[in-house]
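Novice: how would this look folded up:
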Amino acid sequence: MAVILTMIIQRPYETEKIREIRKWLMIYGRRKTGKSFLVENFTEYNDYFFVKRDRTIISKKDGSLLSYDTFIEVLGRGIADDKTIVVDEFHRLGDAFFDFLHASKKRGKVVLISSTLFLSKRLLSAHSPLLGLFAEVPIWLMSLKDTVTALRRFDLEKKSLIELGILLKEPLTVDYFAVKKSPRYIFGIVLSASAKTVPALVGDIFVEEERSLSAIYEAILRAIANGDVVSSEISSYLFSRKLIQKDDPSTIQQHLNNLVEFGIIKKLQVYGKNRFVYKHTSSLVRIFYYADEKYNISEKMLNDLEVERIIQELIPKIVEDCIREFLADIFGLGETIVEAKDYDVDGYLLKFDKCEIALEVKWKEKITRDDILRAEEVLHKVTAKRRLLFVPDKEKIRFKSEKIEIVDITDFLR
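Specialist: Down below sits the predicted model:
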């Protein structure tokens, strides 16, 4: 029987940011990124209000239901008394609430939380009554550094530690966590259960937009999952589906910028070139859209072999992206990659414009001498202070190298 445990993953960077900023805060991010859980459980406040879809307000302090007028009265007193008040899904209260905040004295600390990213963006724009009143705190997925730290208390193999850490970056997967189950098995379970969940996760991002624009955004996510990762390829994908009128990357640039700004995709420069690639930030969203493009899983159930095939194919690529981001995070470096005619470098991590780390990731069960020789060859084609080959478990490798550092997750767990 699998051991099912409740996972509490600390997010010290986001928590400290929320605690330290004394200004009124607007916290936003995609659905199910743990915004409410983080604020409710790891920050200090005097009252926490949740706004229902019918505009009824619940006080989480005592469970009472408040009308809008009563809520405004309580909030006004709290502000006057320099209290910290949280309002979750505040956007449901509409313009009258925004005008109230604009007219209020800027005392205490008001913390607003929302998942409607386009609305949040507009409320912070030049013509908004809330302009300048709030500090922005976006909450995206959890970092691999935080998830791996939380998993260290379990006796996991190094490979499982990384793959589970990547799985748990998506907070909604925490409920699927089981110590005795393999990460790839859990990935498969989550994929099979997410045919309706993933479209809903990203769908709320576009709820304020026209249906035609929403179709463009979803098609961009599908294109990237399908391997079309530069703007010209994405544009061709959309044009072939008659979603844009001409095959011109400039027509979708603002869409790409919005998705980057909202933390749904990330933009990586190809070192030394005026070229960028786009990647999904969520492994779950990436796997879902890839599987839906290949197997139409939103319309039919996959069998176990199909699910296993998808997971086995994508996990090494996902690990590569996550390890590059992880190392950039812990060393405070900028992420780029190298693409040349006869070789690629998985990660080229920069301090200003100088490379600190050139990275290759080999994510398979058995690392051969040929794998190491190939990594040595590729990594010595570029200039870097350190050249790293990241593997699942360096203790299982029989072959050593004097030209590159062979590392695994234990080298970065201090």
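Novice: Return the set of buried residues in stretch 179-191.
Specialist: Under the neighbour-count criterion of 16 or more other C-beta atoms under 10 Å, stretch 179-191 has 181, 183-188, 190-191 buried. (Each C-beta comes from the backbone N, C-alpha and C, glycine too.)
Novice: just the residues you listed now: which is nearest residue 413?
Specialist: residue 183 (17.6 Å; C-beta to C-beta).
Novice: which SSE is the closest residue in space to the closest one that isn't next to it in sequence in?
Specialist: Distance criterion C-beta to C-beta, 6 or more residues apart in numbering; nearest residue to residue 183, sequence neighbours excluded, is residue 163 at 3.5 Å. Using DSSP states H and E, residue 163 sits within helix 158-168.
Novice: what about that helix, distance to the chain center?
Specialist: Taking C-alpha atoms, centre = their mean, to the nearest Å, one finds helix 158-168 lying 15 Å from the centre of the chain it belongs to.
Novice: try stretch 242-252
Specialist: Centre-to-centre, stretch 242-252 and its host chain are 26 Å apart (C-alpha atoms, centre = their mean).
Novice: what comes into contact with it?
Specialist: Residues outside stretch 242-252 that contact it (C-beta atoms under 8 Å, 6 or more residues apart in numbering): 212, 215-216, 219-220, 231-232, 234-236, 238-239.
Novice: re the thing from before, just the angle for whichever helix or strand comes after the helix holding residue 163 relative to helix 158-168, thanks.
Specialist: Per DSSP H and E, helix 158-168 leads on to helix 183-192 as the next helix or strand towards the C-terminus. Comparing the axes of helix 183-192 and helix 158-168 via axes from the mean of the first three to the mean of the last three C-alpha atoms, to 10 degrees yields an angle of 20 degrees.
Novice: ok, back up a step: can you add pLDDT and distance to residue 156 and give the buried residues of stretch 179-191 back as JSON lines?
Specialist: JSON lines is the format used below for these (pLDDT from 0 to 100; distance: C-beta to C-beta, whole Å):
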{"residue": "181", "pLDDT": "91", "distance to residue 156": "11"}
{"residue": "183", "pLDDT": "94", "distance to residue 156": "9"}
{"residue": "184", "pLDDT": "95", "distance to residue 156": "14"}
{"residue": "185", "pLDDT": "94", "distance to residue 156": "14"}
{"residue": "186", "pLDDT": "94", "distance to residue 156": "13"}
{"residue": "187", "pLDDT": "94", "distance to residue 156": "15"}
{"residue": "188", "pLDDT": "93", "distance to residue 156": "18"}
{"residue": "190", "pLDDT": "92", "distance to residue 156": "18"}
{"residue": "191", "pLDDT": "91", "distance to residue 156": "21"}
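Novice: Just put the residues you listed in TSV and tack on distance to residue 355.
Specialist: As requested, the buried residues of stretch 179-191 are exported to TSV (distance: C-beta to C-beta, whole Å):
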residue	distance to residue 355
181	39
183	31
184	33
185	38
186	36
187	32
188	37
190	36
191	36
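Novice: buried subset of the contacts of stretch 242-252?
Specialist: By neighbour count, with 16+ other C-beta under 10 Å, the contacts of stretch 242-252 hold 216, 219-220, 231, 234-236, 238-239 as buried.
Novice: Going by distance to residue 345, which of those residues wins?
Specialist: Ranked by distance to residue 345 (C-beta to C-beta), those are led by residue 231 at 21.6 Å.
Novice: quick one: pLDDT of the nearest residue to the closest one once chain neighbours are set aside?
Specialist: In space, and not counting its chain neighbours, residue 231 is closest to residue 249: 3.9 Å by C-beta to C-beta, 6+ apart. With respect to pLDDT, residue 249 scores 97.
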